[in-house]
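Colleague: sharing a sequence plus its predicted fold:
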Amino acid sequence: MKTGIITTDTYLNHDTGQGHPERADRVSVVIENLKRNKKLVWKKPLKFDYKYLKIAHNSNYIDEVENSFPKKGLRFLDGDTIVSPGSKQASSDAVASIITAIDIVQQEKLKNIFCPVRPPGHHAEKNKAMGFCIYNNVAVGAYYLIEKYGLNKIAIVDFDVHHGNGTQDIFYENKKVLYISMHQYPFYPGTGTNNEKGKYNNILNIPLPAGTNSEEYMNAYEHVLKKLKEFKPEFLLFSAGFDAHQDDPLAQFKLKSKDFYEITKRTLKVTNESCNNKIVSILEGGYDLNALKESTEMHLNALIEN
């Protein structure tokens, strides 16, 4: 079976304004580069039932967001989360991408899938938009696996350089979801200390200081692998942020592009047996275009080889 890509052109219409780091060409450079790889199968997202969105998020919040999309111009949901008229379809399609990907992988039509979409999702809390994120794409995906497929052990591995406070918030008291985050700390959004463990010891935060290099990161990553071995997930979701790269302008980690191949490969090695190779990855951060292009390619190389 092959590796798939699910995305849609509507990401182009999510306008965040001039000079905003979360911009359309982030996804464009990834897609243009990956299209050169003839081993990948390309798909579009299908429509999904909004009830899954309302499980991950408070329904009042969903209504607020729906009413916030402007007919023209830009509107701020918080200090750095901006929506435009085209954001409505883009944010819906980002969620649809992960749900469509899960269906395809569960039906064993493709072995694993990467969703290069925007807006990203892991900062969006149950009832709050923040950090460029409107809906928490990966959280909706995890709830979809629980509700639609009856799974009891879903692992979310988040290697974005920023802590996924939203994903942690949504699953803090859910024993069916293991959330793991490796991130720079102290740093935005201010959460993610190692004593935030979740009600069922289902949260693992590994905060690392600015300046963390490849060797230090990989040594710390052994704690991620140990936790995954113990948990034995039935399905693996990646919150795939690439802003831990040494060239990224928004953070101070020192990872190289090839490190994202190693992160992915090591993770799959310890989870393949329990989850029967079922993996969906969705794009989060990454703000240097060349670093993002190279790093996503490395991530995909590991998924293709798996």
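Modeller: Done, it's in.
Colleague: what's the model's confidence in stretch 85-99, averaged?
Modeller: Stretch 85-99 carries an average pLDDT of 98.
Colleague: got it, and stretch 164-177?
Modeller: With pLDDT averaged residue by residue, stretch 164-177 scores 98.
Colleague: what's in contact with the helix or strand hosting residue 238?
Modeller: According to DSSP states H and E, residue 238 maps onto strand 235-240. For strand 235-240, contacts defined as Cβ atoms under 8 Å, 6 or more residues apart in numbering pick out 98, 102, 114, 121-122, 138, 141-142, 145, 151, 153-160, 164, 167, 264, 267-268, 271, 275, 278-284, 296, 299. In this view, the C-beta of every residue, glycine as well, is placed from N, C-alpha and C.
Colleague: can you check stretch 138-148 too?
Modeller: If you take Cβ under 8 Å, 6+ apart as the criterion, stretch 138-148 is touched by 52-53, 55-56, 95, 98-99, 101-102, 121-122, 124, 151-152, 154, 156, 158, 164, 166-167, 170-171, 176-177, 235, 237, 239, 280, 282.
Colleague: what mean pLDDT does that stretch get?
Modeller: pLDDT averaged over stretch 138-148 gives 98.
Colleague: for it, list every residue counted as buried.
Modeller: Neighbour counts using 16 or more other Cβ atoms under 10 Å place 138-146 of stretch 138-148 among the buried residues.
Colleague: out of those, flag the one nearest to residue 216.
Modeller: Nearest to residue 216 among the buried residues of stretch 138-148: residue 138, at 25.8 Å, using Cβ to Cβ.
Colleague: hey, where'd the helices end up in the stretch 1-150 of the chain?
Modeller: For the stretch 1-150 of the chain, the helices defined by DSSP state H, counting those that start in this stretch occupy 25-34, 53-56, 59-68, 87-106, 137-149.
Colleague: the stretch 151-300 of the chain too?
Modeller: Secondary structure of the stretch 151-300 of the chain by DSSP H, counting those that start in this stretch: the helices cover 165-171, 214-231, 257-275, 289-305.
Colleague: for residue 4, which of those helices is the nearest?
Modeller: Comparing those against residue 4 with Cβ to Cβ, the closest turns out to be helix 289-305 (9.4 Å).
Colleague: thinking again about what came up before, select only the buried ones of the contacts of stretch 138-148 in ChimeraX?
Modeller: To isolate the buried ones among these in ChimeraX, judged by 16+ other Cβ under 10 Å, type:
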select :52,53,55,56,95,98,99,101,102,121,122,124,151,154,156,158,164,166,167,170,171,176,177,235,237,239,280,282
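Colleague: so who does the closest residue to residue 7 other than its chain neighbours touch?
Modeller: Sequence neighbours aside, residue 116 is the residue nearest to residue 7 in space, at 5.1 Å (criterion: Cβ to Cβ, 6 or more residues apart in numbering). The contact partners of residue 116, taken as Cβ under 8 Å, 6+ apart, are 5, 7, 27, 30-31, 34, 283, 296.
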